[in-house]
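Asker: here's a sequence, model it:
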Amino acid sequence: IILFDQRGSGQSLPFGELEHNTTPDLLDDMERIRTHLAISQWLVFCGSWGGALALLYAQRHPDRVLGLVIRAVFLVRQQDLDWFAKDGANRLFPEQWQQLLDSIPADSDIIGGLCAALWGDDELAQRRAARAWMAWGGQVTLGHGYQDPRLSVAHITETMVRQVRMELHYAQHRYFLTPNQILDNCASLAAIPTVIIHGRLDWVCPIEAGYRLHLALPHARYIVLDQAGHIAQGADMIDALVTATDAFTASGFAYGS
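Answerer: Residues are numbered from 1 along each chain as shown. Just a heads-up that it's a prediction; the model follows:
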């Protein structure tokens, strides 16, 4: 099992570095890892933004992918970006959305206003913006199970600010993709065994995206978990992911085709 953190994130160094940090760079990194480890083909297993990267990687290198396990489908369409940061999830969690709005100038769009604060000279404004974005993400990800820690601005570290900058660096550039890029190139995945697993209670990446991907990849196994949300750690999601990977191994990587 090979795990890696994308450029500038997690344990990848330098942490928070945005230069030469685009989606094509991340796809190049995945291929470098494969060649460095002398792996001829591999099963690619990812969720959410990672799942989008997995699909993009497989579209670029279909001959290197034994299979795909995609959780919490994120297609990076404009409607997906708008759902999270413009008009969609805000109607589910209006109180937390208002806190996000309160962190930026009244005449700003969410992404633009947050970016202006995060890259501005006012350190206090940077921390407020980071705190508001993290709280919004936690609320939408965990739903009614979220408990806002209500951190004071003083508890927002430089690491947290850099983490949020990384997220918004990609969001403000539309993840460095052309409109509808993933769905428009799904024909190249027709020969790759694929499993799509999506929670019906996913408020970050609504289930419509999983269904749309299944329509574009009719050969794929499409699994809906009625009580699962966005995260991978729920019991139903864990069982489904383990079952999918075990089935790939047992079938000689024919599962999902």
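Asker: what's the single longest strand in the chain?
Answerer: Within the chain, and with DSSP state E defining each element, the longest strand by residue count is strand 65-73.
Asker: can you give me the strands in the stretch 51-200 of the chain?
Answerer: Remark: strands of the stretch 51-200 of the chain, listed N- to C-terminal, are 65-73, 194-199; assignment by DSSP state E, counting those that start in this stretch.
Asker: other SSEs contacting the next helix-or-strand element following the last one?
Answerer: Think strand 194-199. With elements assigned by DSSP states H and E, the helix or strand that comes after strand 194-199 is helix 207-216. Identification of packing neighbours for helix 207-216 by 3 or more CB pairs under 8 Å, 6 or more residues apart in numbering; DSSP states H and E yields strand 65-73, helix 181-184, strand 194-199, strand 221-225. To be clear about C-beta, it is placed using only N, CA and C from the backbone, and glycine gets the same treatment.
Asker: can you put these in CSV and add distance to Arg131?
Answerer: Converted to CSV, the helices and strands packed on helix 207-216 look like this (distance: least, CB to CB, whole Å):
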stretch, distance to Arg131
strand 65-73, 25
helix 181-184, 31
strand 194-199, 27
strand 221-225, 31
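Asker: give me the angle between the longest helix seen in the chain and strand 65-73.
Answerer: Taking residue count as the measure and DSSP state H as the definition, the longest helix of the chain comes out as helix 123-142. Angle, helix 123-142 to strand 65-73, by axes from the mean of the first three to the mean of the last three CA atoms, to 10 degrees: 100 degrees.
Asker: what residues does helix 123-142 touch?
Answerer: Applying CB atoms under 8 Å, 6 or more residues apart in numbering, the contact partners of helix 123-142 are 84, 89, 92-93, 96-97, 99-100, 102-104, 113-114, 117-118, 120, 146, 148, 151, 153, 156, 160-161, 163-164, 167-168, 203-204, 229-231.
Asker: residue ranges with poor pLDDT in the stretch 1-150 of the chain?
Answerer: Filtered on pLDDT under 70, the stretch 1-150 of the chain yields no residues whatsoever.
Asker: show the buried residues in the contacts of helix 123-142.
Answerer: Buried positions within the contacts of helix 123-142, assessed by neighbour count (16 or more other CB atoms under 10 Å), are 84, 89, 93, 96-97, 100, 103-104, 113-114, 117-118, 156, 160-161, 163-164, 167-168, 203-204, 229-231.
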